[in-house]
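1. One predicted model, sequence on top.
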Amino acid sequence: MNNKKLAIFGPYPPPLGGMSVHIQRMEPFLIATGIQYTIFNHGYFQKENVIATNKSPFFYLKILFNRKFDYIHFHQIFPFEFLFYFLFSRINKTPLLITIHAETLFKFSKRKLNLILFFIKQTKRMDIISVSENLNDLLVKNEINSIFLPAYVPPSNVNFVPLEGDGRIDFLFSMWKFNEHNANGTYNTPLIFEFLSKNKHTYRMLFLIGDELESDRSYLNKLLEEYDIVDSVIVLYGKNLVDYVQNCRFLLRTNRIDGYGVSLQEAMDLGVPALATSVCTRPKGTVLFKNDDLEDMKQKINYVISQKPKDLLRHKEELTDHLKLLKIYKNNL
């Protein structure tokens, strides 16, 4: 039996988010494969094999000198972590695997980006996974070894939850945490709210928000009233997207910045068409529209609702990216 140990650092539910769901869904595969693992949760929940770091910055100092593990997988969250990885490789000899989940590097100034790329190049014994093809191309262009691997793990348990009432929900939109910065920046909710405002008697939206405690409910209510769409939006917090998406005719993703869009693949795997901005490589079968373009989005929505779902999903792929990640673990343990 292989006694080597894997450490995984990243968020673990609750709350529900793309990164935390990915880590949680990998657990059964780790167990089935017999890999000994510990998850260091960038959050407050803990259980067997899951240790809560309580988001303490001192955790980084603690793990810097921890030599109990044979392979450490960091799901990159903050920009300063690239400096941490560099320091770790100089102090600790444990090999690293880093997954970069979003294209936030493209938001940085040229000077800051070059500094991050410098630290990446100088970090020893580190493998990199990019969930974004654009990001992967950037790293490869700068002579940094990177693997393009979307962070998708097929849902193993789906508990369909029908919505109460008349049941007429046209589309689903989701985000991890609702606040003014996220709403008006990355997720571009004004585009959706404007669409609903102009079509309030035609469309209803199911709005899933992962983290209720850190979301600004008063700001959300203010926007719903300003756009006069209170009756056009159903808001639910902390719910699993795969349990609710089948209530809807399609899933909509309006991100200005994105890495891939795991929720798009989830929806399509459950027979629900998906629409998204063309800001990055999307799962095959996704209907794309121009970024921040209301008219193009409206045209693509009209197209989707005029087609049979099975026709829209004929180009969908069956992904096995989680098995590729599992192979990386096994090859390094």
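-> Arrived safely.

2. Next one: Arg168, what pLDDT does it get?
-> We have a pLDDT of 69 for Arg168.

3. Secondary structure element holding the nearest residue to Thr99 once chain neighbours are set aside?
-> Excluding the flanking residues, the one nearest Thr99 by Cβ to Cβ, 6 or more residues apart in numbering is Ile129, at 4.4 Å. The C-beta positions use only the backbone N, C-alpha and C, and glycine is treated the same way. Assessed by DSSP states H and E, Ile129 sits inside strand 126-130.

4. what's the answer for Phe207, then?
-> strand 205-209.

5. Next secondary structure after that strand?
-> Per DSSP H and E, the first helix or strand lying C-terminal to strand 205-209 is helix 217-226.

6. quick check: angle from that next one to strand 205-209?
-> Angle of helix 217-226 versus strand 205-209, following axes from the mean of the first three to the mean of the last three Cα atoms, to 10 degrees, is 170 degrees.

7. name the helices or strands packed onto helix 217-226?
-> In terms of contacts (3 or more Cβ pairs under 8 Å, 6 or more residues apart in numbering; DSSP states H and E), helix 217-226 is packed against helix 180-184, helix 189-198.

8. Using CSV, list the CA coordinates for it.
-> As requested, C-alpha coordinates have been extracted for helix 217-226 and formatted as CSV (Å, rounded to 0.1, in the frame of the first residue of the first chain):
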residue,chain,number,x,y,z
ARG,A,217,-28.5,41.7,0.4
SER,A,218,-29.4,45.3,0.8
TYR,A,219,-27.5,46.2,-2.4
LEU,A,220,-29.2,43.4,-4.3
ASN,A,221,-32.6,44.5,-3.1
LYS,A,222,-31.8,48.0,-4.1
LEU,A,223,-30.9,46.9,-7.7
LEU,A,224,-34.0,44.7,-8.0
GLU,A,225,-36.2,47.7,-7.1
GLU,A,226,-34.3,50.1,-9.4
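
9. tell me the mean pLDDT for that helix?
-> On average, the pLDDT along helix 217-226 is 97.

10. chain center to that helix, what's the gap?
-> Counting by Cα atoms, centre = their mean, to the nearest Å, helix 217-226 is centred 25 Å from the centre of its parent chain.

11. do stretch 43-62 as well
-> Put simply, stretch 43-62 sits 20 Å off its chain's centre (Cα atoms, centre = their mean).

12. Identify each buried residue in it, please.
-> Within stretch 43-62, the residues that count as buried by 16 or more other Cβ atoms under 10 Å are Gly43, Val50, Ile51, Ala52, Thr53, Phe59, Tyr60.

13. Between which two of these is the distance greatest?
-> Pairwise distances across those peak at 18.2 Å for Val50 and Tyr60 (criterion: Cβ to Cβ).

14. so Asn285 sits right up against Lys310, yeah?
-> One correction, residue 285 is Gly, not Asn. No: using Cβ atoms under 8 Å, Gly285 is not in contact with Lys310, being 11.2 Å away.

15. Looking at those two, which has the bigger crowd around it?
-> Using other Cβ atoms under 10 Å, the more surrounded residue of Gly285 and Lys310 is Gly285, with 18 against 9.

16. in the protein, which spans are strands?
-> If DSSP state E is used as the criterion, the strands of the chain fall at 5-10, 36-41, 50-52, 71-76, 96-100, 126-130, 147-148, 171-175, 205-209, 233-237, 250-253, 274-277, 287-289.

17. how about those in a markdown table, adding distance to Val158 and mean pLDDT?
-> A markdown table is the format used below for these (distance: least, Cβ to Cβ, whole Å; pLDDT from 0 to 100):
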| stretch | distance to Val158 | mean pLDDT |
| --- | --- | --- |
| strand 5-10 | 23 | 97 |
| strand 36-41 | 23 | 97 |
| strand 50-52 | 23 | 97 |
| strand 71-76 | 24 | 97 |
| strand 96-100 | 25 | 97 |
| strand 126-130 | 26 | 96 |
| strand 147-148 | 27 | 95 |
| strand 171-175 | 14 | 95 |
| strand 205-209 | 15 | 96 |
| strand 233-237 | 16 | 95 |
| strand 250-253 | 15 | 98 |
| strand 274-277 | 16 | 98 |
| strand 287-289 | 23 | 98 |
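
18. Looking at the ones you listed, spot the one closest to Leu223.
-> Nearest to Leu223, of all the strands of the chain, is strand 233-237, at 9.7 Å by Cβ to Cβ.

19. Okay, buried residues for that closest one please.
-> For strand 233-237, the neighbour count (16+ other Cβ under 10 Å) marks Val233, Ile234, Val235, Tyr237 as buried.

20. wait, which of those is closest to Phe78?
-> Tyr237 (24.4 Å).

21. Domain ranges for the protein, per the record?
-> 5-149, 171-312 (automatic domain parsing).

22. related to what we said a few turns ago, CSV for the buried residues of stretch 43-62, including distance to Glu318?
-> As requested, these are exported to CSV (distance: Cβ to Cβ, whole Å):
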residue, distance to Glu318
Gly43, 31
Val50, 29
Ile51, 34
Ala52, 35
Thr53, 35
Phe59, 37
Tyr60, 38
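
23. Okay, now the unreliable bits of the stretch 51-200 of the chain?
-> 166-168 (pLDDT under 70).
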